[in-house]
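**Student:** Predicted coordinates and the sequence they were generated for:
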Amino acid sequence: MADDQHYDVIIIGTGAGGGTLAHRLALTGKRVLILERGGYLPRERDNWDSTAVFVKGKYRAPEFWYDKHGNQFPPEVNYYVGGNTKFYGAALFRLRPEDFGEMRHHDGVSPAWPIRYEDLEPYYTQAKHLYLVHGRHGEDPTEGPAGAQYAYPPVEHEARIQQLSDDLGKAGLHPFHLPIGVNLTQDENGRATHDSACIRCDRVDGFPCLMGAKSDAQVICVDPALTYDNVTMVTDADVRRLETDPTGRTVTKVVAELNDGATEEFSADIVVVAAGAVNSAVLLLRSACDRHPGGLANSSDVVGRHYMRHNNLALMALSKEPNPTRFQKTLALNDWYLGADDWEYPLGGIQMLGKSDADQIRGEAPRWAGAVMPDMPFDVLAHHAVDFWLCGEDLPLPESRVTLDKDDAIHLALDEKNNITGLKRLRHKLQGMLGHLGMHEEHLLDHSIYLHKGMPIGATAHQAGTVRFGDDPKSSALDVNCKAHDLDNLYVVDTSFFPSIGAVNPSLTAIANALRVGDHIAARLR
């Protein structure tokens, strides 16, 4: 398809950053072109099939990256309209105010951001309303102040999770309703009403939503943006490089390979990269030229560096009583987010995962051989399972980085033991409480089917860093508005801009920042 039209803005990527930015700019009336590497995710029964999604990885990108030893691994990436939000668990947390300042950890220092929590708070509020986040401010003592209460009430706990919440409260802790983005209307008993888009099923976490009821970027932002005549999208457009004018200060061409093998060039006054922390860095590195020999926006040599992905554990406990919960992802606990009485450094947070089923447990069977009750079939194990997600902060190390080799293959170097002591202590805290929470104390099992079968480097769902923002062009690639220091019309609005990652899911921060940068770009276009 020949396209000789010049646009006001080109956005590369449709996830939490790019999709949200497109929605923001649609209202300006300016000509916006969205370029998406994939197409729309097919709606089919396999969307909700555990074996297809988790065991076989049917919807993951059919590609391999390389670790620092040259070993191949399959990354946890999905190239569809909506990006990785099609498969995320829609847990939409704010970073804590302390996360925006310098914070000391056991293995080093998490750096300060060039903006404060107060600068992003109005956009956090807009983001939670836009993405239909259900929650209640005031329950989590670690959260920062909010400009407005949630527009949607928290998703009510089912009976077993309510009991868990009560037991945690009796232990002197502060469990709270997990903030989650779903299009749900509940009756007085917490059940989905007959006209609710969300049906409170057990497929919210890690599955695409067949009902269109999960607040992913496609449903919430991209599709509504495309109803405006000034917004256009080209799918199956794999952007290969960005070209600049002779001065090197302005991106003049966006070169993409289309699904039919053709190469097309697009141009715009402003170009925004939002392809994910790894692929955004790859695009900038691949776009090296005479004026930018180390890659675009890389005079500081930070592009590709400081990659982060959280230190995560997916764990399954066995309840002594059956756990018939379907919508389990309703509870979180941050009491040890900033430290503990026996540990001066941050540990991280605990939240519920989606409910395990027999197929997921069967997929773990080789790893769990001899570790569970041998007389308990998979379906009975699943009926007693209570699933937790533990999240600790990964520190931004310059040697944790994305690079390209001469064959254009992606290499990802990662220190998998970076700052993991806090996460180990968090697991110990949970393990020590199991008996008081109505669970078998001896069974807290790694549920690594959520983490690429125990390969931490493959768990790239929370990828961040690589194109950090900051005030100093010598130590950052982007300025405070996420514009490249080295170029006049290039922005990056996915989680690449993070200088640190905190210990909560990064999506809401990416969304809020896209709204913030969107206002800046809209003012510039005026």
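**Tutor:** Nice, I can see it.
**Student:** In contact with the spatially closest residue to P75 that is not a sequence neighbour: list those residues for me.
**Tutor:** Of all residues not flanking P75 in the chain, T460 sits nearest, at 4.7 Å (C-beta to C-beta, 6 or more residues apart in numbering). The way it works is simple: take the backbone N, C-alpha and C, and place the C-beta from them, glycine included. By C-beta atoms under 8 Å, 6 or more residues apart in numbering, T460 lies in contact with 75-77, 278, 309, 412.
**Student:** 7 Å instead?
**Tutor:** Counting by C-beta atoms under 7 Å, 6 or more residues apart in numbering, T460 touches 75-77, 278, 309.
**Student:** Output those as a markdown table; include the columns pLDDT.
**Tutor:** Shown next, in a markdown table, are the contacts of T460 (pLDDT from 0 to 100):
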| residue | pLDDT |
| --- | --- |
| P75 | 91 |
| E76 | 89 |
| V77 | 92 |
| V278 | 98 |
| R309 | 93 |
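**Student:** Would you check which pair of these lies furthest apart?
**Tutor:** V77 and R309 (11.9 Å; C-beta to C-beta).
**Student:** Tell me which of those two has more neighbours.
**Tutor:** A count of neighbours by other C-beta atoms under 10 Å puts R309 above the other of V77 and R309, at 26 against 21.
**Student:** in the strand ranked longest in the chain, what's buried?
**Tutor:** Using DSSP state E to define each element, the chain has its longest strand at strand 263-273. Buried residues in strand 263-273, counted by 16 or more other C-beta atoms under 10 Å: 264, 266-273.
**Student:** Also stretch 381-400?
**Tutor:** By neighbour count on 16+ other C-beta under 10 Å, the buried set for stretch 381-400 is 381-397, 400.
**Student:** gap between it and the chain center?
**Tutor:** 13 Å (C-alpha atoms, centre = their mean, to the nearest Å).
**Student:** Kindly check the end-to-end length of it for me.
**Tutor:** Using C-alpha to C-alpha, to the nearest Å, the end-to-end distance of stretch 381-400 comes out at 38 Å.
**Student:** cool, and stretch 129-148?
**Tutor:** Using C-alpha to C-alpha, one end of stretch 129-148 lies 10 Å from the other.
**Student:** just to revisit the earlier point, tell me which of the contacts of T460 is nearest to D260?
**Tutor:** Closest to D260, out of all of the contacts of T460 and judged by C-beta to C-beta, is V77, at 22.9 Å.
**Student:** Run through the helices of the chain in chain order.
**Tutor:** 18-26, 50, 117-130, 159-170, 217, 223-225, 277-286, 358-368, 378-384, 421-433, 507-525 (DSSP state H).
**Student:** May I see the buried residues of the longest one?
**Tutor:** By 16+ other C-beta under 10 Å, the buried positions in helix 507-525 come out as 507-519, 521-522, 525.
**Student:** The third one too?
**Tutor:** Of the residues in helix 117-130, those buried under the neighbour-count criterion (16+ other C-beta under 10 Å) are 117, 120-121, 123-128, 130.
**Student:** Turn the residues you listed into CSV, columns for distance to F498 and pLDDT.
**Tutor:** Shown next, in CSV, are the buried residues of helix 117-130 (distance: C-beta to C-beta, whole Å; pLDDT from 0 to 100):
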residue, distance to F498, pLDDT
Y117, 14, 98
L120, 12, 98
E121, 17, 98
Y123, 15, 98
Y124, 15, 98
T125, 20, 98
Q126, 19, 98
A127, 15, 98
K128, 19, 98
L130, 20, 98
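**Student:** circling back: I'd like to know which of the contacts of T460 are part of strands.
**Tutor:** Residues of the contacts of T460 located in strands (DSSP E): none.
**Student:** Rebuild those as TSV, extending it with distance to G502.
**Tutor:** Listed next are the contacts of T460 as TSV, based on distance: C-beta to C-beta, whole Å:
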residue	distance to G502
P75	22
E76	20
V77	22
V278	19
R309	13
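**Student:** Just give me the closest of those residues to D408.
**Tutor:** Distance to D408, by C-beta to C-beta, is smallest for V278 among the contacts of T460, at 13.7 Å.
**Student:** how about the lowest-mean-pLDDT helix or strand in the chain as CSV, C-alpha atoms only?
**Tutor:** Within the chain, no helix or strand scores below helix 358-368, which has a mean of 77 by mean pLDDT, DSSP states H and E. Taking Å, rounded to 0.1, in the frame of the first residue of the first chain, the C-alpha atoms of helix 358-368 are listed here in CSV:
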residue,chain,number,x,y,z
ALA,A,358,-5.8,-28.9,36.4
ASP,A,359,-4.2,-28.3,33.0
GLN,A,360,-1.8,-25.7,34.4
ILE,A,361,-0.9,-28.0,37.3
ARG,A,362,-0.4,-30.9,34.9
GLY,A,363,2.0,-28.7,33.0
GLU,A,364,4.1,-28.4,36.1
ALA,A,365,4.0,-32.1,36.9
PRO,A,366,7.6,-33.0,36.0
ARG,A,367,8.9,-30.2,38.2
TRP,A,368,6.7,-31.1,41.1
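**Student:** Can you show me the strands along the stretch 301-450 of the chain?
**Tutor:** With DSSP state E, counting those that start in this stretch as the criterion, the stretch 301-450 of the chain has strands at 311-319, 331-333, 349-352, 385-392, 401-404, 410-413, 439-446.
**Student:** can you tell me which of these comes nearest to D471?
**Tutor:** Closest of the strands of the stretch 301-450 of the chain to D471 is strand 401-404, at 22.0 Å (criterion: C-beta to C-beta).
**Student:** Let me see the mean pLDDT of that closest one.
**Tutor:** Strand 401-404 shows a mean pLDDT of 97.
**Student:** same check, this time on stretch 410-427
**Tutor:** 95.
**Student:** how long is it end to end?
**Tutor:** Its first and final residues considered, stretch 410-427 spans 33 Å by C-alpha to C-alpha.
**Student:** Same question for stretch 26-44.
**Tutor:** End to end - C-alpha to C-alpha - stretch 26-44 spans 30 Å.
**Student:** average pLDDT across that stretch?
**Tutor:** Per-residue pLDDT over stretch 26-44 has a mean of 98.
**Student:** Just the buried residues of that stretch, please?
**Tutor:** 26, 28, 30-38, 41.
**Student:** could you redo the residues you listed as JSON lines and give each row distance to H440?
**Tutor:** Converted to JSON lines, the buried residues of stretch 26-44 look like this (distance: C-beta to C-beta, whole Å):
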{"residue": "A26", "distance to H440": "52"}
{"residue": "T28", "distance to H440": "57"}
{"residue": "K30", "distance to H440": "59"}
{"residue": "R31", "distance to H440": "60"}
{"residue": "V32", "distance to H440": "54"}
{"residue": "L33", "distance to H440": "55"}
{"residue": "I34", "distance to H440": "49"}
{"residue": "L35", "distance to H440": "51"}
{"residue": "E36", "distance to H440": "46"}
{"residue": "R37", "distance to H440": "45"}
{"residue": "G38", "distance to H440": "42"}
{"residue": "L41", "distance to H440": "38"}
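**Student:** ok, L33 - contacts?
**Tutor:** By C-beta under 7 Å, 6+ apart, L33 lies in contact with 7, 10, 232, 266, 268.
**Student:** Thought T252 was touching the fourth one, still the case?
**Tutor:** It refers to F266. No. Using C-beta atoms under 7 Å, F266 is not in contact with T252; the gap is 10.3 Å.
**Student:** The nearest residue to V55 once chain neighbours are set aside - how many residues pack around it?
**Tutor:** What sits nearest to V55 in space, not counting adjacent residues and going by C-beta to C-beta, 6+ apart, is G363, at 4.3 Å. Look at G363: counted by other C-beta under 10 Å, it has 19 neighbours.
**Student:** how far away is G363 from G57?
**Tutor:** Distance of G363 to G57, computed by C-beta to C-beta, to the nearest Å: 11 Å.
**Student:** try A281
**Tutor:** In this view, A281 and G57 are 23 Å apart by C-beta to C-beta.
**Student:** More neighbours: those two, which one.
**Tutor:** A281 (34 against 15).
**Student:** for the chain, which spans come out with low pLDDT?
**Tutor:** 1-4, 366-375, 450-456 (pLDDT under 70).
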